[in-house]
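> need coordinates for the below:
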Amino acid sequence: MKKIRGVLASALSVLVIAGLAGCGGKSKEAAGKVDMSQHVVITYMTTGNKPENGATEEMLKKLNAVLTEKCNAELAIYYIPWTDYLTNYNLTLAQMDGSVDLVGTASDWLDAWKNAKTGAFLPLSEDMLKKYAPKTWASVSKEHWDMCKMNGQIYLMPEDNYAQWINHGFMYRGDWAKEAGLANGVHSWEDLTKYFEWVRKAKPNVTPWDSDGASSTYHGEGYIESKSDYVPLDGISSFLMFGVRRSNLNKIYSPFLEGDELVEYAKLMKKWDEIGVWKKDVLNNTSDNRAEFYLGQTAADQHHTQTWYTTVRPEMDKRQPGSDVGFFWFGEESGNITTMTITHGAMALSAASKHPERALMVYDLLRNDKECYDLFNYGIEGKQYVLTENGYRDRPKGYTDEKDGITTDYWWGRNDNLEIRDARGAWDKFAEISRIYDKAKIDYPYGQIVWNVDGINSQLANISDVWSNYMARICYGKMDDPVAYVAQFRDALKKAGIDDVIVELQKQLDDFNAQKK
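Here you go, the predicted structure:
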């Protein structure tokens, strides 16, 4: 049923949600009768810097006209800037003042379970989801809903129908790698070292990797994944310090406390520092490495696979023709890759929301209604994008991100059934690396465990302090004796209580495995 724009809000009070999720008859029956007499504003909270060019607001006007027609609501966006984002994100939720409704969250990097445990998120009953988010309810499998539960109650709506690879690695120039004698590209840390050594000598005006000093977590843990079968566990520490081995999924350990990988990594980073891979003041550096990569001023960029094939590779093809940017992924040497949990991106409802039912209705439309999805994700056709003959998205003539780009940072409900591929993406590279990943991957094994850290919070806080004091120096080679420094780090971790943490996590893992039998 198609409703006419401008119909009075009072007339909506007992209507079936006709527009919800594309007006399907079954969806209308599932939704039932909903009171939509009051026009409401639903505020969506996301991480990211607020745009200033006005394009997002222009898109929201069009989107809100559609949302008003379909569920008599409109959407506002509340941005949590990237600076100190986790602290500010949690503080905003803790205020419980009703200022936000929909909350973008994640179990592995945005404290989803911690916030559910503290009461910041609203528990979602099956009846509530069936009535107010029928398309989302129907599209998520029972197994996946189970992975969104804590103590038997659903708290999250997962982004479980969107193919992406967010494992990290180094992007490098394939043309320069060939000149460095790496005809087949970079496929190991030894290859990467050889590449950086060549750049340092052959390109004296190029910084091999102009890191800003904030990427230590990823390339440190990435080295360990490459040289072992380590599988880090989500939801315990943002530093991915605890995990299992692919060869023994039932034994908790920390490669930062034991094993040879961290020692060898520290030695290599000392060598990189001596080579001059980064600037001497790397720990205080604020350079924009990616911008320099585009300009040919640095030789590598560290981020995840999706950034490589959707953004950096196509942009470098344009700015540095023939650069042939490749991707060395963490774990490549050992074939060690794990698919991410489906709650890496998820949507929750603030427990303080004044309109939780309407918030669910808005989310169901953003996730499943093509008109809403296209506007919210891509913007206004003709202004933010145009469709090519093969159905891909391209930029209109004269478009620039600075002037025309929208920012919704919607990583919590993307849907491959509605996605329109970006014409600029290196989709051949995506297909190529996906085949490699699919052969090597294992599914994340513990997506249904909600780790209870209440009894070890003090130890985890102490461990975090130790990490902050030591790891940056390890990751950038700023130590006289790497072997001795790693030993000091491990001694400090023991004093902070890391053994207690491992014992407690092992107990929870054992209990989980016993319940499965």
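> wait, D416 sits on A163?
Yes: the pair D416 / A163 is scored as a contact, 5.9 Å apart, by Cβ atoms under 8 Å. C-beta here means a position set from N, CA and C on the backbone, and glycine is covered the same way.
> strands of the stretch 301-450 of the chain, start to end?
325-329, 346-349, 386-387, 393-394 (DSSP state E, counting those that start in this stretch).
> what is the mean pLDDT for the first one?
In this case it means strand 325-329. For strand 325-329, mean pLDDT rounds to 97.
> what do you get for stretch 417-434?
93.
> hmm, back to that, hey, which of the strands of the stretch 301-450 of the chain is tucked in deepest?
strand 346-349 (a mean of 26; mean count of other Cβ atoms under 10 Å).
> follow-up on the earlier one: right, so of the strands of the stretch 301-450 of the chain, which gets closest to Y78?
strand 346-349 (13.9 Å; Cβ to Cβ).
> relative to that closest one, what are the paired strands and their orientations?
Here strand 346-349 has these sheet partners by DSSP bridges: strand 102-105 (antiparallel), strand 157-158 (antiparallel).
> pull the distance from it to the chain's centre.
14 Å (Cα atoms, centre = their mean, to the nearest Å).
> contact partners of that strand?
Residues from elsewhere that reach strand 346-349, judged by Cβ atoms under 8 Å, 6 or more residues apart in numbering: 101-107, 112, 115-116, 121-122, 124, 148, 155-159, 356, 359-360, 363, 412-413.
> in helices, which of those residues fall?
Taking DSSP state H, the ones among the contacts of strand 346-349 that sit in helices are A112, N115, A116, P356, A359, L360, Y363.
> quick check: mean pLDDT of stretch 98-111?
pLDDT averaged over stretch 98-111 gives 93.
> tell me which helix or strand the nearest residue to E402 once chain neighbours are set aside sits in.
Excluding its sequence neighbours, the residue lying closest to E402 (Cβ to Cβ, 6 or more residues apart in numbering) is N53, at 6.6 Å. N53 belongs to no helix or strand when elements are defined using DSSP states H and E.
> what's near enough to touch N53?
So N53 contacts E402, K403, D404, G405 (Cβ under 8 Å, 6+ apart).
> one more: I380?
Here I380 is in contact with E58, M59, K62 (criterion: Cβ under 8 Å, 6+ apart).
> list just the nearest of these to G174.
M59 (36.9 Å).
> where does the closest one land on pLDDT?
98.
> going forward, the N-terminal residue is numbered 2.
Happy to do that; since the first residue is 2 now, the last one works out to M60.
> please confirm that it is located within a strand.
No: using DSSP: H, G, I helix; E, B strand; the rest coil, the secondary structure at M60 is helix, not a strand.
> hmm, it is touching D405, no?
No: counting by Cβ under 8 Å, M60 does not reach D405; the two are 10.4 Å apart.
> list the residues that contact both of those two?
Listed as contacting both M60 and D405 by Cβ under 8 Å, 6+ apart are G380, Q385.
> where's A164 relative to S465, distance?
Separation of A164 from S465 (Cβ to Cβ, to the nearest Å) stands at 33 Å.
> give me the more crowded residue out of those two.
In terms of neighbours (other Cβ atoms under 10 Å), S465 is the more surrounded of A164 and S465; the figures are 15 against 10.
> and for D98, the neighbour number?
D98 has 9 nearby residues by other Cβ under 10 Å.
> contacts only, for it.
A353.
> secondary structure class for it?
coil.
> before we move on, back to that, switch the contacts of I381 over to TSV; also include distance to A300 and neighbour count.
Below are those laid out as TSV (distance: Cβ to Cβ, whole Å; neighbours: other Cβ atoms under 10 Å):
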residue	distance to A300	neighbour count
E59	39	16
M60	37	21
K63	43	14
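> which single one of those residues is nearest to C476?
Taking the contacts of I381 together and measuring to C476 by Cβ to Cβ, the closest member is M60, at 39.6 Å.
> show me what contacts the closest one?
Taking Cβ under 8 Å, 6+ apart, one finds L376, F377, G380, I381, Q385, I407 in contact with M60.
> ok, N168 next?
H305, T306, W330, F331, G332, I338, T339, M341, Y438.
> try it again with 6 Å
H305, T306, W330, I338 (Cβ atoms under 6 Å, 6 or more residues apart in numbering).
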